[in-house]
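Peer 1: what follows is a protein structure lacking sequence information:
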């Protein structure tokens, strides 16, 4: 009886082969949601109140944005190191590299093109 | 004799394969979600390209209005709230679907759809106001890249909503079958992914623009 119960329970959780907790629990969604609300409210509050000068406020917003992206990845997209999702992680890390090259590279190159090729024009940033 | 036997065996195997295919691709769904994940990664690169264009062009206002004059942060906070809450309600729909609670799944999907509609309504209203003020995509390179970036995200949200309506119809017709749960899982990845892209949008476009 106990065995039957255990196997039924196991079946319930591993039903679709995603492994236990692949879709998270109500609790983990609530934790993720509350963290996201806090991580959204802080940068909006900072900029709307003008509490910090732009040179400090912008890096702080970027930092909090990155933290919030990680929170979403962990609590909503259920990325973690424990499960057999190594291909997801490998694809994600590779994409991160490409995205970094694309965004930082474009911005850097274009900034220098502007500085070098349009003497007398207003600098962009 | 042995020939007939192998033909029969092949037939049986084929029949089994066809049945498995009809049922649910004879796969636990993990291959489908991995494939969809790889699509999402390619979508990340699409967004990276439009973000890069925006980062390069954000200062080129051509004497027109800049971010500080155009954007209202409380309004953007409202849009953000719609998307964030809809991510949470989609999560609740997935939990209900995993537990085979069909009516709860449909209710949460309906709520998610309404929140998505609220977001789309706010975004279109913002676009209409900007264009009405003469700050349309043709005003400056800054505004062209703004409309491209935010519009690309909005189109994704719209397609996610069309997909959601389709899946609601699927669930109504067939119930929470394995195939439908795999489909709902793919849409959940897509929907949460769009919320992540929106974090980039409000940080880079709106907050940095207004703070600068």
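Peer 2: Structure received. Owing to the predicted nature of the structure, the values given are computational and were not obtained by experimental measurement.
Peer 1: quick one: residue B:191 and chain A, what's the gap?
Peer 2: Residue B:191 sits 9 Å away from chain A, going by Cβ to the nearest Cβ, to the nearest Å. Every C-beta, even on glycine, is put in place using the N, C-alpha and C of the backbone.
Peer 1: so what's that residue scoring on pLDDT?
Peer 2: On pLDDT, residue B:191 comes in at 97.
Peer 1: host element of it?
Peer 2: Assessed by DSSP states H and E, residue B:191 sits inside helix B:178-201.
Peer 1: elements contacting the helix or strand just after that helix?
Peer 2: Next helix or strand after helix B:178-201 toward the C-terminus (DSSP H and E): helix B:208-211. In terms of contacts (3 or more Cβ pairs under 8 Å, 6 or more residues apart in numbering or on different chains; DSSP states H and E), helix B:208-211 is packed against helix A:54-75, helix B:67-70.
Peer 1: so what secondary structure elements neighbour the next helix or strand after the shortest one?
Peer 2: In the C-terminal direction, the helix or strand that comes right after helix B:67-70 (DSSP H and E) is helix B:73-98. Taking 3+ Cβ pairs under 8 Å, 6+ apart as contact, the helices and strands that helix B:73-98 lies on are helix A:26-49, helix B:102-132, helix B:178-201.
Peer 1: mind checking how far the last one is from the chain centre?
Peer 2: If I follow you right, that is helix B:178-201. The chain centroid and the centroid of helix B:178-201 are separated by 6 Å under Cα atoms, centre = their mean, to the nearest Å.
Peer 1: same for it, what does it pack against?
Peer 2: helix A:54-75, helix B:2-24, helix B:30-57, helix B:73-98, helix B:141-174.
Peer 1: if we go to 7 Å?
Peer 2: With contacts defined as 3 or more Cβ pairs under 7 Å, 6 or more residues apart in numbering or on different chains; DSSP states H and E, helix B:178-201 has these neighbours: helix A:54-75, helix B:30-57, helix B:73-98, helix B:141-174.
Peer 1: closest to residue A:91 out of the helices and strands packed on helix B:73-98?
Peer 2: Among the helices and strands packed on helix B:73-98, the nearest to residue A:91 by Cβ to Cβ is helix B:178-201 (12.3 Å).
Peer 1: how big is the angle separating that closest one from helix B:73-98?
Peer 2: 160 degrees (axes from the mean of the first three to the mean of the last three Cα atoms, to 10 degrees).
Peer 1: please give the element, helix or strand, for the residue of chain B found nearest chain A.
Peer 2: Closest to chain A within chain B is residue B:28: 3.2 Å, counting by Cβ to the nearest Cβ. Assigned by DSSP H and E, residue B:28 belongs to no helix or strand.
Peer 1: if we can go back for a sec, what's the helix holding residue B:191 in contact with?
Peer 2: Under the criterion Cβ atoms under 7 Å, 6 or more residues apart in numbering or on different chains, residues A:16, A:65, A:68-69, A:72, A:76-77, B:24, B:29, B:32-33, B:36-37, B:40, B:47, B:51, B:80, B:83-84, B:87, B:90, B:94, B:97, B:149-150, B:153, B:156-157, B:160, B:163-164, B:167, B:170-171, B:174 lie in contact with helix B:178-201.
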